[in-house]
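> need the 3D shape of this:
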Amino acid sequence: MSLVAMAETRSPMRSGRSRCGGSIKVTPRESAGAGSTDCARPGMTGRLHMRVVQLFVSCLLLGVGVALLLTAAVGSDGYSTFVNGISIATGMPFLAVNVIVGAAFVALAWLRGVLPRWGTLVQPVVVGATVNVLLDVSSTPHSWVWRGLLLVAAFPVLTLGVAGYLGSGAGAGPTEGAALAFDPPVPFRWSYSVLQGGGALAGWLMGAAIGPGTVLVVFLLGPAVDLVAARFALFDMSVVARSTADSRTRPKTPT
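Numbers count the residues shown, from 1 in each chain. Now for the predicted structure:
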């Protein structure tokens with residue numbers, strides 16, 4: 001089942017009534033994910049703060065996971081391989097390339113109906129900066145055992161990072177947004193794999209390393225993120241999927 005279908009099943013649009021300043025107002029539950037209404041609800045500010053914290057922590061985790069993969073040098077995720085390949089070919093810093101490529105992916109997603117939000121801007125900057133810092137202070141170990149351990153450690157960190165920032169409801173980053181843009185007709189777990197695979201191939205042609213880690217991420221990261229999102233409410237991506245669906249459909253006029 002696609003994420004959009006899951007969103008429509010789990011979180012149908014609801015409307016309720018609440019008192020704001022003594023008057024009754026209809027308060028539709030918006031698809032933005034912050035639970036915004038015509039008037040502020042108790043605890044909404046606290047939930048927003050938690051979402052902000054979840055977004056930044058998850059982006060840091062994602063950056064750590066990417067850096068672990070790049071340091072292991074046994075193949076990284078497709079998007080990072082693509083960005084790293086351009087960085088190697090042009091001599092530009094990873095952060096700068098990450099922002100440029102991210103903007104291109106966001107534009108593609110926008111054309112397909114996935115509107116950028118503030119989290120869309122935060123994700124590539126925080127992840128890119130984290131990767132830049134960690135790559136400057138780390139080096140690839142000579143032992144294949146240590147490199148294998150880095151790979152094993154990176155995969156769950158990547159999974160939690162991607163699922164966590166999408167679950168914050170602040171918007172999808174470049175790769176995830178582009179994958180969601182094609183869901184439907186292609187479920188996220190497979191559209192994500194296709195994008196990762198294409199990025200890995202292009203990055204390899206420009207000199208970036210690929211290997212067992214690349215295969216692991218290309219084929220398993222999308223399904224793993226999908227699984228975590230389905231099992232744990234904290235990582236529920238239906239907020240992002242619901243906003244994607246709403247942007248593609250025109251609201252029906254009541255008769």
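
> under the pLDDT cut-off, which ranges of this protein? List them.
1-44, 233-255 (pLDDT under 70).

> could you pull out the helices in the stretch 101-250 of the chain for me?
Along the stretch 101-250 of the chain, counting by DSSP state H, counting those that start in this stretch, helices occupy 118-136, 144-167, 174-180, 188-205, 212-231, 238-248.

> by how many degrees do the fifth one and helix 144-167 diverge?
Yep, that's helix 212-231 we're talking about. 40 degrees (axes from the mean of the first three to the mean of the last three Cα atoms, to 10 degrees).

> contact partners of helix 212-231?
3, 6, 69, 72, 74-78, 81, 151, 154-155, 158-160, 162-163, 166-167, 179, 187-193, 196-197, 200, 235-238 (Cβ atoms under 8 Å, 6 or more residues apart in numbering). C-betas here are computed from N, CA, C, even on glycine.

> if we use 7 Å, what do you get?
Helix 212-231 is contacted by residues 69, 72, 74-78, 81, 151, 155, 158-159, 162-163, 167, 188-190, 192-193, 196-197, 200, 235-237 when judged by Cβ atoms under 7 Å, 6 or more residues apart in numbering.

> can you check the third one too?
Under the contact criterion Cβ under 7 Å, 6+ apart, helix 174-180 has outside partners 3, 79, 101-102, 105-106, 108-109, 114, 120, 124, 162, 166, 172, 188, 191-192, 195, 240-241, 244.

> now swap in the longest one and tell me
Contact partners of helix 144-167, identified using Cβ under 7 Å, 6+ apart, comprise 54-55, 57-59, 61-62, 64-65, 68-69, 71-74, 77, 119, 123, 140-141, 172-173, 176, 213, 216, 221, 224-225, 228-229, 234-237, 240.

> H142: neighbour count?
By the criterion of other Cβ atoms under 10 Å, H142 has 7 neighbours.

> circling back to that earlier point, output the helices of the stretch 101-250 of the chain in TSV; the columns should cover mean neighbour count and distance to G46.
Shown next, in TSV, are these (neighbours: other Cβ atoms under 10 Å; distance: least, Cβ to Cβ, whole Å):
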stretch	mean neighbour count	distance to G46
helix 118-136	20	18
helix 144-167	21	17
helix 174-180	26	26
helix 188-205	21	29
helix 212-231	20	23
helix 238-248	22	17
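
> which one of these lies nearest to I88?
helix 188-205 (8.6 Å; Cβ to Cβ).

> a markdown table for the helices of the stretch 101-250 of the chain, including distance to H49?
Shown next, in a markdown table, are the helices of the stretch 101-250 of the chain (distance: least, Cβ to Cβ, whole Å):
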| stretch | distance to H49 |
| --- | --- |
| helix 118-136 | 14 |
| helix 144-167 | 15 |
| helix 174-180 | 23 |
| helix 188-205 | 27 |
| helix 212-231 | 22 |
| helix 238-248 | 16 |
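
> looking at those, which is nearest to T45?
Here helix 118-136 is closest among the helices of the stretch 101-250 of the chain (Cβ to Cβ), at 16.2 Å.

> check which helices and strands the closest one sits against.
When contacts are defined as 3 or more Cβ pairs under 7 Å, 6 or more residues apart in numbering; DSSP states H and E, helix 118-136 sits against helix 44-72, helix 94-111.

> pull out the buried residues from the last one.
Pointing back at helix 94-111 there. F94, L95, V97, N98, V99, V101, G102, F105, V106, L108, A109, W110 (16 or more other Cβ atoms under 10 Å).

> for the third one, give me its contacts.
Same thing as V97. V83, I86, S87.

> I am finished for the moment; much appreciated.
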